[in-house]
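Q: sequence and predicted model, in that order:
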Amino acid sequence: MIIFSKKRYIFTYPDYNSDDDNDITNTKINIEIERKIKKNTYDKIIFDNDIWIKESYKKRYQGLFKREFKEIDNIKKIYKTNIAWKKD
């Protein structure tokens, strides 16, 4: 199994609500950011059982795999990992 990683940052501007104090506002912001991080962090399959999921994946990665992983004879699955982080 080969896994690629792609960096993604999640950033939102806080909505201002005059009824909330800073702690409640920060809590709401953190909950929303965590929700977006979970939504944007996943594994995407790009190759499965000798079949490329999209032709664009084949064009982009097939030559790379042949050059970089010469010692591997048979690849079963390839995943592309998307990971989101909170930007500090």
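A: Everything's here; your move.
Q: now do the helices in this protein.
A: Taking DSSP state H to define them, one finds helices in the chain at 22-39, 55-68.
Q: need these in TSV with distance to K86, can you?
A: All C-beta atoms are positioned from the backbone trio N, CA, C, and that covers glycine. Below are the helices of the chain laid out as TSV (distance: least, CB to CB, whole Å):
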stretch	distance to K86
helix 22-39	6
helix 55-68	29
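Q: turn those helices into JSON lines, including mean neighbour count.
A: Below are these laid out as JSON lines (neighbours: other CB atoms under 10 Å):
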{"stretch": "helix 22-39", "mean neighbour count": "12"}
{"stretch": "helix 55-68", "mean neighbour count": "12"}
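Q: which one, of these, ends up nearest to I46?
A: helix 55-68 (4.4 Å; CB to CB).
Q: now do the closest one: which elements does it pack against?
A: strand 42-48 (3 or more CB pairs under 8 Å, 6 or more residues apart in numbering; DSSP states H and E).
Q: buried residues in the strand it packs on, which are they?
A: For strand 42-48, burial by neighbour count (16 or more other CB atoms under 10 Å) applies to 46-47.
Q: what residues does it touch?
A: 3, 52-54, 57, 61, 75-82 (CB atoms under 8 Å, 6 or more residues apart in numbering).
Q: using a markdown table, lay out the helices of the chain together with mean pLDDT and distance to K87.
A: A markdown table is the format used below for those (pLDDT from 0 to 100; distance: least, CB to CB, whole Å):
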| stretch | mean pLDDT | distance to K87 |
| --- | --- | --- |
| helix 22-39 | 85 | 9 |
| helix 55-68 | 91 | 27 |
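Q: and the contacts of strand 42-48, which is the shakiest by pLDDT?
A: Across the contacts of strand 42-48, the smallest pLDDT goes to I3, namely 55.
Q: how far does stretch 24-35 sit from the chain's center?
A: The chain centre lies 21 Å from the centre of stretch 24-35; the measure is CA atoms, centre = their mean, to the nearest Å.
Q: with stretch 52-71 instead?
A: 19 Å.
Q: list the contacts of it.
A: Contacts of stretch 52-71 (CB under 8 Å, 6+ apart): 2, 45-47, 72, 75, 78.
Q: quick one on the thing from earlier: relative to T27, which of the contacts of strand 42-48 is nearest.
A: Ranked by distance to T27 (CB to CB), the contacts of strand 42-48 are led by N82 at 26.3 Å.
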